[in-house]
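Engineer: coords below, sequence missing:
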């Protein structure tokens with residue numbers, strides 16, 4: 001069993017890299033990847049920790065980018081996390097997105113809502129702030145009962161307090177991963193509210209930019225969706241991946257390794273991605 005989609009306190013997760021290694025070990029995983037949003041800063045912390053020899057680690061990332069209809073995410077596996085170009089580009093993206101977060105905070109504060117940068121960071125100045133952080137604070141302040149309500153009333157794309165992030169084209173995200181010797185994989189394809197035809201067209205388009213794989217197994221994917229993704233994987237000769245999308249307390253119903261309880265990602269997918277990133281496949 002493996003888990004190739006995990007977030008730490010270096011983006012929008014609530015578990016430190018050391019905590020993640022502890023959970024991975026307790027779960028008895030064969031392998032895992034840290035895939036924080038738009039940052040590689042947690043990877044050295046994973047490597048500095050004592051990972052048991054029987055557990056395999058693949059450096060990863062999840063980069064947010066945009067289509068005309070919806071934001072999408074591209075996972076990158078086996079990346080050179082020390083790449084200056086990769087890290088400088090990600091730093092620039094984070095700075096632009098931080099300004100967007102500050103502008104959203106100002107909108108909330110103008111209407112009297114007690115949203116501050118300090119509350120969003122929650123003691124971790126390194127965190128990459130996303131709408132999930134705004135949702136958490138809205139719940140903690142008693143403004144919303146749950147995340148669904150927070151997004152429906154305050155954070156959804158058509159809500160008053162939502163501001164779009166700076167546009168980042170998928171071909172640029174894919175190039176960034178490829179130039180860092182990584183394997184780009186489309187994350188959770190069924191989360192974007194596209195039709196099957198739109199997803200397949202997206203896959204075909206991304207392949208022209210260098211897409212190499214699909215995230216087949218995910219905490220939100222049901223059997224029918226997994227079956228369809230396996231069909232597309234075979235049709236387009238792509239690699240497969242899978243993971244829980246673990247965020248700790250930010251998504252308390254999702255557990256490392258098994259997602260919401262029924263997820264199982266086969267070990268051999270780790271080996272195929274590792275070999276592909278090493279150029280031995």
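Structural biologist: Noted; the coordinates are in hand. Here the structure is a predicted model, which means the values were calculated and not measured. Numbering: from 1, shown residues only.
Engineer: from here on, contacts and neighbour counts on C-alpha atoms
Structural biologist: Fine.
Engineer: and residue 240, how far from residue 276?
Structural biologist: Between residue 240 and residue 276 the distance is 11 Å, computed by Cα to Cα, to the nearest Å.
Engineer: okay, those two: which has more neighbours?
Structural biologist: A direct count of neighbours by other Cα atoms under 10 Å for residue 240 and residue 276 places residue 240 higher, at 24 against 18.
Engineer: now do the SS call for that one.
Structural biologist: Of the three states, residue 240 takes strand according to DSSP: H, G, I helix; E, B strand; the rest coil.
Engineer: that one touches residue 211, doesn't it?
Structural biologist: No. The pair residue 240 / residue 211 is not scored as a contact, 11.5 Å apart, by Cα atoms under 8 Å.
Engineer: tell me which stretches of the protein form helices.
Structural biologist: Along the chain, counting by DSSP state H, helices occupy 17-27, 43-48, 84-110, 117-121, 131-140, 147-150, 170-179, 196-208, 223-236, 268-278.
Engineer: so how many other residues sit close to residue 54?
Structural biologist: The number of residues packed near residue 54 is 11, by other Cα under 10 Å.
Engineer: could you do residue 110 as well?
Structural biologist: 10.
Engineer: same question, residue 112
Structural biologist: Neighbour tally, residue 112, other Cα under 10 Å: 9.
Engineer: give me the distance between it and residue 105.
Structural biologist: In terms of Cα to Cα, residue 112 sits 11 Å off from residue 105.
Engineer: can you check residue 256 too?
Structural biologist: 32 Å.
Engineer: any idea how far residue 15 is from residue 250?
Structural biologist: Applying Cα to Cα to residue 250 and residue 15 gives a distance of 10 Å.
Engineer: neighbour count winner among those two?
Structural biologist: Neighbours were counted for residue 250 and for residue 15 using other Cα under 10 Å; residue 15 has more, 20 against 17.
Engineer: can you tell me which residues contact residue 232?
Structural biologist: residue 200 (Cα atoms under 8 Å, 6 or more residues apart in numbering).
Engineer: now find how far off-centre the longest strand anywhere in the chain is within its chain.
Structural biologist: Longest among the strand segments of the chain by residue count, using DSSP state E, is strand 56-66. Its chain's C-alpha centre and that of strand 56-66 lie 7 Å apart, by Cα atoms, centre = their mean, to the nearest Å.
Engineer: what helices or strands is it leaning on?
Structural biologist: Secondary-structure packing of strand 56-66 (3 or more Cα pairs under 8 Å, 6 or more residues apart in numbering; DSSP states H and E): strand 31-34, strand 71-77, helix 170-179.
Engineer: any idea of the pLDDT on the closest residue to residue 165 other than its chain neighbours?
Structural biologist: Excluding the flanking residues, the one nearest residue 165 by Cα to Cα, 6 or more residues apart in numbering is residue 97, at 5.9 Å. Among the per-residue scores, residue 97 holds a pLDDT of 86.
Engineer: got it, and residue 113?
Structural biologist: 97.
Engineer: for it, grab phi and psi.
Structural biologist: Main-chain dihedrals, residue 113, degrees, to the nearest 10: phi -80, psi 130.
Engineer: so what's residue 46 up against?
Structural biologist: Counting by Cα under 8 Å, 6+ apart, the residues that residue 46 touches are 17-18, 21.
Engineer: could you rerun that using 6 Å?
Structural biologist: Contacts were defined as Cα atoms under 6 Å, 6 or more residues apart in numbering; by that measure residue 46 touches residue 17.
Engineer: against residue 60, how distant is it?
Structural biologist: 11 Å.
Engineer: cool, residue 267 as well?
Structural biologist: For residue 267, the distance to residue 60 equals 17 Å [Cα to Cα].
Engineer: same question for residue 232.
Structural biologist: For residue 232 relative to residue 60 (Cα to Cα), the value is 23 Å.
Engineer: and if you look at residue 38?
Structural biologist: 10 Å.
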